[in-house]
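Student: Show me the folded form of this:
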Amino acid sequence: MNKVMMIGRLTRDPEIKFSGNDNSMAVARYTLAVDRRYKKEGEQSADFVSCVVFGKGAEFVQKYLHKGTKVAVCGRIHTGSYKNKDGNTVYTTDVIVDEHEFAGNKNSDGTTAKAETETDKDGFMNVPDGEELPFD
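Tutor: Okay, here's the model as predicted:
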């Protein structure tokens, strides 16, 4: 079984590209900073996990996620390798995200995150009429 579940914050705005000649499928990449469970000498440390999202999920990422957004993701580990321009083998590890959802509505400094500023008192985001969400 290959299943990953984690909660963290985006370290920067997601990178969105479209695959295929007709730009048929969106592909989003972002890095998630996930706090480690134990502190080392009183300091919080984190792992920085590369995440990849395809299709409708990537379109959701493009519209609603940005640097600092706290999200919970569920997916699988994907490893690979390639030769760089110097001929050295570079090994990669990514989480292929199947599901993601907002995990908080405030940054650690108490300010409201950009994507979450348009929420009602219960924390639900206001979506314009006619806007299609990528949920099954």
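Student: What's the separation between the most centrally placed residue in the chain and residue 10?
Tutor: Among the residues of the chain, the one closest to the centroid is residue 30, at 5.3 Å (C-alpha atoms, centre = their mean). Counting by C-beta to C-beta, to the nearest Å, the gap from residue 30 to residue 10 is 5 Å. No exception for glycine: its C-beta is placed from N, CA and C like everyone else's.
Student: How about the secondary structure of residue 12?
Tutor: Secondary structure state of residue 12, per DSSP: H, G, I helix; E, B strand; the rest coil, is coil.
Student: er, residue 57 I mean
Tutor: From three-state DSSP, the assignment for residue 57 is helix.
Student: picking that back up, any idea how far the residue nearest to the centre of the chain lies from residue 64?
Tutor: For residue 30 relative to residue 64 (C-beta to C-beta), the value is 12 Å.
Student: all helices of the chain, in order?
Tutor: Assignment of helices within the chain using DSSP state H yields the ranges 56-64.
Student: where do the strands sit along it?
Tutor: Ranges of strands in the chain, per DSSP state E, are 4-10, 15-19, 25-35, 46-54, 70-83, 89-102.
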